[in-house]
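> could you work out the structure for the sequence below:
(chains A, B, C and D)
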Number of protein chains: 2
Amino acid sequence: MAGMATKTPEIRRRPGGRSARVQNAVYDAVGELMARERPDHITIPMVAERAGVNPTSVYRRWGDIDALLEEVAVAAFTRDDDEVPDTGTFSGDLREWALVISRDISRAHRTRYLRALVSARDGQVEQCPCWTSRQEQLAEMIVRARARDESTPGVEQVLNHVIAPLYHHVVFGLAVDDGFAQRLVGDVLSMAPRHESARAAK
Amino acid sequence: MAGMATKTPEIRRRPGGRSARVQNAVYDAVGELMARERPDHITIPMVAERAGVNPTSVYRRWGDIDALLEEVAVAAFTRDDDEVPDTGTFSGDLREWALVISRDISRAHRTRYLRALVSARDGQVEQCPCWTSRQEQLAEMIVRARARDESTPGVEQVLNHVIAPLYHHVVFGLAVDDGFAQRLVGDVLSMAPRHESARAAK
DNA sequence: CACTAATTGCAACGAACATTGCTTTAGAGA
DNA sequence: TCTCTAAAGCAATGTTCGTTGCAATTAGTG
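Predicted structure coming up:
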């Protein structure tokens, strides 16, 4: 599962045909298996059988199970259906934003994918589209708040004290509920803002 | 790798004999392999060969690779050589404590074991001895500080805003250095203390 | 409608892993 | 020292995974 962010989600040469059907079947099969099996116990014959596809096809197209899982994981995380909250106050924005993220990553299959990403990577996990998009959203909220002359924590602080604890809890199997997210937001809002460069604020 | 905290580190029936030699050889082999191979690519024949031991012995004693990796991981994390800092002030204690932990978990093989734990678990990772001992240390520091009439953040806050970010960075492959740990401590010290029950403070 | 190229399915093969019955070794107690 | 027994080694076997050559199918193109 190496090379996560390097592979561009290129369009298949024959989008409407059998290739696409096979790909979808395989994706679905992976999704179903991820819901009930540990990632490192998933094999290509497994997904092939569940997808009603010949294992050879999977081997040829993806090479090994890591590449396949990686591709599906990226696909699962890379959808930008989420919009940046704009409630009028930074605390409101942050609260809503944290809730969305918290509910998102605490869904069962999401947790699996997260863990898969972690265990698969030798090096950096970040630089995945999902992460950078989150950072950009946060930066936007902060810029807007500061334009309103609000005092806000820095990007790094929010990442460290809201995102990190959320992900930590999810990855380590601890409970994550709305209250937890809210408490984190309350904590970070009560922190003294640290001076930091505006590099992350685009 | 399920059942982490359930297995007590029982004493082998023949501590001085061949069993112990085999166990040590296997443990060492796992350690070496963990340093250069992803956990889910490590097989029993691999460790057996490197340990100079018959694979059958490993199969019989540990059952499968997950149980073996789990046992070694616990052994690696379960050593209470760390003592609680006592600098006279809570901020000093916390700083030192964070540094020790930060340096500990950012060592290469430590990172591996952490990731192995994460990917191995379906349920909770916590309740491993290493975690609870950390919590107890923290609680002790807080009790001492409050006995000196210092105002401190709660146990949960420190866990969320110091431990969680540290582990998050390690697990996700981001850089962790002393400065990072220090910044986290600074942040949490500047937070408004939240009222919480004293359940964690023993 | 036919042609061409890509992709899938099929089948056979080799390699690695996992299991089991039996033998041998070595530590512990009498 | 001798005996006993738990654990390790050995060898044979079954299973699953991964690879490869070849035929069949399918989707674009003229």
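> any idea which helix or strand in chain A has the lowest mean pLDDT?
Lowest mean confidence among the helices and strands of chain A (mean pLDDT, DSSP states H and E): helix A:108-120, at a mean of 80.
> now that helix - C-alpha only, CSV.
In CSV, the C-alpha atoms belonging to helix A:108-120 read as follows (Å, rounded to 0.1, in the frame of the first residue of the first chain):
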residue,chain,number,x,y,z
ALA,A,108,-17.6,1.6,11.3
HIS,A,109,-16.1,1.2,7.8
ARG,A,110,-14.4,4.5,8.0
THR,A,111,-12.6,3.3,11.0
ARG,A,112,-11.4,0.3,9.1
TYR,A,113,-10.1,2.3,6.3
LEU,A,114,-8.2,4.6,8.7
ARG,A,115,-6.6,1.7,10.4
ALA,A,116,-5.8,0.2,7.0
LEU,A,117,-4.0,3.4,6.0
VAL,A,118,-2.0,3.4,9.2
SER,A,119,-0.9,-0.1,9.1
ALA,A,120,-0.1,0.0,5.4
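> by contact count, what packs against that helix?
If you count contacts as 3 or more Cβ pairs under 8 Å, 6 or more residues apart in numbering or on different chains; DSSP states H and E, helix A:108-120 packs onto helix A:18-34, helix A:65-77, helix A:90-105, helix A:164-171, helix B:108-120. Using the backbone N, CA and C atoms, a C-beta is placed for each residue, glycine as well.
> what's the angle from the helix or strand just after it to helix A:108-120?
Remark: after helix A:108-120, the chain's next helix or strand is helix A:129-147, criterion DSSP states H and E. Per axes from the mean of the first three to the mean of the last three Cα atoms, to 10 degrees, the angle that helix A:129-147 makes with helix A:108-120 is 110 degrees.
> what does chain A have sitting close to DNA strand D?
Residues of chain A lying close to DNA strand D (Cβ under 7 Å from any atom of the strand) are A:14-19, A:43-46, A:55-56, A:59-60, A:63-65.
> one more pass at 10 Å, please.
Within chain A, the positions near DNA strand D by Cβ under 10 Å from any atom of the strand are A:12-21, A:41-49, A:54-60, A:62-66.
> put the buried members of those into a ChimeraX selection.
Of these, the buried ones can be selected in ChimeraX as follows, counting by 16 or more other Cβ atoms under 10 Å in any protein chain shown:
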select /A:42,44,46,47,48,57,58,62,65,66
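> now do the one residue in chain A that gets nearest to DNA strand D, the pLDDT please.
Closest approach between chain A and DNA strand D, counting by Cβ to the nearest atom of the strand: A:Gly17, at 2.4 Å. Here, the pLDDT recorded for A:Gly17 equals 70.
> quick check: the closest residue to chain B within chain A vs A:Val162, distance?
Closest residue of chain A to chain B, Cβ to the nearest Cβ: A:Ser119 (2.9 Å). Using Cβ to Cβ, to the nearest Å, A:Ser119 is found at 24 Å from A:Val162.
> contacts for stretch A:142-161, please.
Identification of contacts with stretch A:142-161 by Cβ atoms under 8 Å, 6 or more residues apart in numbering or on different chains yields A:86, A:89-90, A:93-94, A:135, A:138-139, A:184, A:187-189, A:191, A:193-196, A:200-202, B:160-161, B:165, B:183-184, B:187.
> give the buried residues for that stretch.
For stretch A:142-161, the neighbour count (16+ other Cβ under 10 Å) marks A:142, A:144-145, A:152-161 as buried.
> quick check: mean pLDDT across that stretch?
96.
> now the end-to-end length of that stretch.
Taking Cα to Cα, to the nearest Å, the first and last residues of stretch A:142-161 lie 15 Å apart.
> so how far is it off the chain centroid?
The gap between where stretch A:142-161 is centred and where its chain is centred comes out at 22 Å by Cα atoms, centre = their mean, to the nearest Å.
> over to stretch A:47-58?
Stretch A:47-58 sits 27 Å away from the centroid of its parent chain (Cα atoms, centre = their mean).
> pull the residues that contact that stretch.
A:Val22, A:Ala25, A:Val26, A:Asp28, A:Ala29, A:Val30, A:Glu32, A:Leu33, A:Ile44, A:Pro45, A:Ile65, A:Leu68.
> try it again at 6 Å.
The contact list for stretch A:47-58 (Cβ atoms under 6 Å, 6 or more residues apart in numbering or on different chains) reads A:Val22, A:Ala25, A:Val26, A:Ala29, A:Val30, A:Ile44, A:Pro45.
> average model confidence for it?
The average pLDDT for stretch A:47-58 rounds to 97.
> gap between the residue located most distally from the centre of chain A and A:Trp97?
Seen from the C-alpha centroid of chain A, the residue lying at the greatest distance (Cα atoms, centre = their mean) is A:Asp149, 31.2 Å away. As judged by Cβ to Cβ, A:Asp149 and A:Trp97 stand 20 Å apart.
> one step back: dump the buried residues of stretch A:142-161 into TSV; add distance to B:Val176 as well.
Below are those laid out as TSV (distance: Cβ to Cβ, whole Å):
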residue	distance to B:Val176
A:Ile142	24
A:Arg144	31
A:Ala145	29
A:Thr152	25
A:Pro153	20
A:Gly154	18
A:Val155	18
A:Glu156	14
A:Gln157	16
A:Val158	18
A:Leu159	14
A:Asn160	11
A:His161	16
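> is any residue of the helix or strand A:Pro45 falls within near DNA strand C?
Here A:Pro45, judged by DSSP H and E, is contained in helix A:44-51. Yes - Helix A:44-51 comes into contact with DNA strand C (Cβ under 10 Å from any atom of the strand), by way of A:Ala48, A:Ala51.
> chain center to whichever helix or strand comes after that helix, what's the gap?
On the C-terminal side of helix A:44-51, the nearest following helix or strand under DSSP H and E is helix A:55-62. Mean-position distance between helix A:55-62 and its chain equals 26 Å (Cα atoms, centre = their mean).
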